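S.K.: Sequence and computational prediction follow.
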Amino acid sequence: MCKNSRSIIISLLICTAVYTALAFAVAGNLSISEIIASKDYALAKAATPVFGDNGLWFIVVIAIIATVSGVFASVFSASRMLGMLIMMKQVPQMGKRINNPALLFTVLLAITLTILFDLTRIAAIGAIFYLVMDIAIHWGLLRYLRGTLSFNPIIPALAIILDTVILVAFILLKYESDPLVPAAAAIGIVIVVLGEKLFMKSHTNSDGQMDMDIDM
């Protein structure tokens, strides 16, 4: 096992332990009805019986720091991925006069989503996008790279099945409680797919290969 794989596994184990401990802490201090009523502030409210108002403010400060750091990490990782796709000429170039157009586009998209939706809806839309993307990646692996890369086809096939089951169940639940979420996700996916198809069609030659000399 390489160092990167080992570090990912260790990080996941640490995160799992921390989140499990937090879940037990909240469940031990609050009833189910109190957890439902407090929603996003359940952890802060669970700290109040033990530490009082000081514990509440401590949790709030930690939550703000964690949120800001998470936003920064997500923005830079997403912009880095987008920048890589630009270099691979899989998405259009967004401007040469800007030092980091991918980062700017990612921030503008995040701001737009924040204005249009609340955090719960953004998370739900993101989950739908992620599941669809995961299914597409594994399907592409099976469909186009099976003879090029060495891998066990059962694993991506199983991932597709599990992702599909989770995606369908999640969409059905959201459709009943908040139909705007699956509708917004569907519109976004259609826009992305059509835009990518138009871009790839205009930047491929007669043999279906990318024209790497085209200046975007």
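M.R.: In hand now; what should we look at?
S.K.: What is the neighbour count of A159?
M.R.: Close neighbours of A159, defined as other C-beta atoms under 10 Å, add up to 17. The way it works is simple: take the backbone N, C-alpha and C, and place the C-beta from them, glycine included.
S.K.: Kindly apply the preceding question to G55 instead.
M.R.: Neighbour tally, G55, other C-beta under 10 Å: 16.
S.K.: now swap in K174 and tell me
M.R.: The burial count assigned to K174 is 20, neighbours taken as other C-beta under 10 Å.
S.K.: Likewise for the one 10 residues further on?
M.R.: The number of residues packed near A184 is 19, by other C-beta under 10 Å.
S.K.: what do you get for A73?
M.R.: Quick note: A73 (other C-beta under 10 Å) scores 10 neighbours.
S.K.: Kindly report the same for the one 3 residues further on.
M.R.: Other residues within reach of F76 by the criterion other C-beta under 10 Å amount to 14.
S.K.: Next: F105.
M.R.: Residues within reach of F105, counting by other C-beta under 10 Å, total 19.
S.K.: Tell me if I'm right that it and M81 touch.
M.R.: No: shown here, F105 and M81 do not form a contact pair, counting by C-beta atoms under 8 Å, at 11.7 Å.
S.K.: Where do the domain boundaries of this structure fall?
M.R.: 1-116, 120-216 (automatic domain parsing).
S.K.: would you list those in CSV and tack on mean pLDDT?
M.R.: Listed next are the domains of the chain as CSV, based on pLDDT from 0 to 100:
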stretch, mean pLDDT
domain 1-116, 76
domain 120-216, 84
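S.K.: and the next element down the chain from the helix ranked longest in the chain?
M.R.: Under DSSP state H, the helix in the chain containing the largest number of residues is helix 42-87. Following helix 42-87 in sequence order, the next helix or strand is helix 101-116 (DSSP states H and E).
S.K.: Tell me how far the helix or strand just after that following helix lies from the chain's centre.
M.R.: Using DSSP H and E, the helix or strand that follows helix 101-116 in sequence is helix 119-144. How far helix 119-144 lies from its chain's middle: 8 Å, per C-alpha atoms, centre = their mean, to the nearest Å.
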